[in-house]
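Student: can't give you the sequence, but here's the structure:
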DNA sequence: GCGTCCAGGTCTACC
DNA sequence: GGTAGACCTGGACGC
């Protein structure tokens, strides 16, 4: 099959592997990681009806990422694919300030050493919001089931085995009953439906959130106004939008924190917040990295 | 194989 | 502003 190769120069303090394993997103379709852990695959939308599978890797010793597309791309398409990959891998976000902060503490020194801090996000804000709703109040295995069923039943077929993430229109066209039955999304189905229908009808816009200058508290309030997005989901979506001053505590973080800092005994949210307050606007990201340090080392 | 219980975050109603 | 109860599913467990 003919395909297109694109290269993207990597910024300083960037680790491809650290972004891919920054959180669970690479485990949710259409994301996939190759068996040898060197390639991240997903599907990007070049225009409303045209999709391409991209496979991103960082060849050893190279100063650029390689992006392999499963289809020949025109010049404009190559630029679109490059822009989306840069955005997903957070390649335009400087980490200097965070890394300087972390160098001051022995426990956090691995962060600049591993060039960690960038959190993988989906090709679109819509995809991130849907996936975040699918992480609420359920096990990770159920999250995977819901997202994978949404993708494989409502996404566009890109290869024999790969589908794009569904568009808002594709979800909006279904009924709540269908979503409950076919995706196991349960009571989350009306939330997914309302979000998709509002976007499909033009009554709600979310894609601008990655580039807007909207103040963080206003953006958080905006996210909270979406049905199905509570404190946990809004806090964590903020991280994917480049704002790190919200902790996004969930049962896993509370338990992990208790394990690391309190011999497994429960700790109040306010005590967790107090510990990370000193990291200012980076506190949410420092908290997440501190809790997941074992994933990287 | 079947029934029961549990974990998980958000919404709504109520105080 | 805080709290209780309902929502729904997969998985663990006991029988």
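Tutor: Great, that's in hand. Remember, predicted model here, so these are calculated numbers, not experimental data. Numbers count the residues shown, from 1 in each chain, chains lettered A, B, ... in the order given.

Student: host element of residue A:152?
Tutor: Residue A:152 is part of helix A:140-154, with elements assigned from DSSP states H and E.

Student: Quick one: list the elements packing against the very next helix or strand once past that helix.
Tutor: On the C-terminal side of helix A:140-154, the nearest following helix or strand under DSSP H and E is helix A:168-172. With contacts taken as 3 or more Cβ pairs under 8 Å, 6 or more residues apart in numbering; DSSP states H and E, helix A:168-172 sits against helix A:140-154, helix A:189-200. Any C-beta I mention is one placed from the backbone N, CA and C, and that applies to glycine too.

Student: so which of those helices gets nearest residue A:67?
Tutor: Taking Cβ to Cβ, helix A:140-154 is the member of the helices and strands packed on helix A:168-172 nearest to residue A:67, at 20.7 Å.

Student: now the helices and strands packed on helix A:168-172 in JSON lines, with mean neighbour count?
Tutor: As requested, the helices and strands packed on helix A:168-172 are exported to JSON lines (neighbours: other Cβ atoms under 10 Å):
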{"stretch": "helix A:140-154", "mean neighbour count": "18"}
{"stretch": "helix A:189-200", "mean neighbour count": "20"}
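
Student: Indicate which one of those helices is closest to DNA strand C.
Tutor: Set against DNA strand C and scored by Cβ to the nearest atom of the strand, those come closest in helix A:140-154, at 3.9 Å.

Student: what's the spacing between the closest one and its chain's center?
Tutor: 15 Å (Cα atoms, centre = their mean, to the nearest Å).

Student: Just want the angle from it to helix A:189-200.
Tutor: Following axes from the mean of the first three to the mean of the last three Cα atoms, to 10 degrees, one obtains 50 degrees for the angle between helix A:140-154 and helix A:189-200.

Student: what comes into contact with helix A:140-154?
Tutor: Identification of contacts with helix A:140-154 by Cβ atoms under 8 Å, 6 or more residues apart in numbering yields A:24, A:27-30, A:130-131, A:134-135, A:138, A:163-166, A:170-171, A:174, A:182-185, A:188, A:192.

Student: measure residue A:28 to residue A:151 for me?
Tutor: 8 Å (Cβ to Cβ, to the nearest Å).

Student: sorry, that was for residue A:279
Tutor: Applying Cβ to Cβ to residue A:279 and residue A:151 gives a distance of 35 Å.

Student: how many other residues sit next to residue A:26?
Tutor: Residues near residue A:26, counting by other Cβ atoms under 10 Å, number 16.

Student: meant to ask about residue A:211, not that
Tutor: Counted by other Cβ under 10 Å, the residues lying close to residue A:211 total 10.

Student: do residue A:4 as well
Tutor: Neighbour number of residue A:4 under other Cβ under 10 Å is 17.

Student: show me the contacts for it.
Tutor: Contacts of residue A:4 (Cβ under 8 Å, 6+ apart): A:68, A:69, A:71, A:72, A:73, A:78.

Student: what pairs with it across the strands?
Tutor: residue A:69 (DSSP bridges).

Student: now swap in residue A:45 and tell me
Tutor: Beta-bridge pairing for residue A:45 (DSSP bridges): residue A:51.

Student: pretty sure it contacts residue A:123?
Tutor: Yes - using Cβ atoms under 8 Å, residue A:45 is in contact with residue A:123, at 6.6 Å.

Student: could you measure the nearest residue to residue A:236 once chain neighbours are set aside against DNA strand B, distance?
Tutor: Using Cβ to Cβ, 6 or more residues apart in numbering and skipping residues adjacent in sequence, the residue nearest residue A:236 is residue A:248, 4.0 Å away. According to Cβ to the nearest atom of the strand, to the nearest Å, residue A:248 stands 9 Å off from DNA strand B.

Student: mind listing what residue A:248 touches?
Tutor: A:232, A:235, A:236, A:238, A:239, A:284, A:288.

Student: helices or strands next to the helix or strand where the first one lies in the packing?
Tutor: Spelled out, it's residue A:232. According to DSSP H and E, residue A:232 maps onto helix A:231-240. Contact partners of helix A:231-240 among helices and strands, from 3+ Cβ pairs under 8 Å, 6+ apart: helix A:125-134, helix A:216-224, helix A:283-291.

Student: Tell me which residues are up against that helix.
Tutor: The contact list for helix A:231-240, computed with Cβ under 8 Å, 6+ apart, reads A:119, A:121, A:128-129, A:132-133, A:135-136, A:216, A:219-220, A:223-224, A:229, A:244-250, A:284-285, A:288.

Student: cutoff 7 Å now
Tutor: Helix A:231-240 has contacts (Cβ atoms under 7 Å, 6 or more residues apart in numbering) with A:119, A:121, A:128-129, A:132-133, A:136, A:216, A:219-220, A:223-224, A:246-250, A:284-285.
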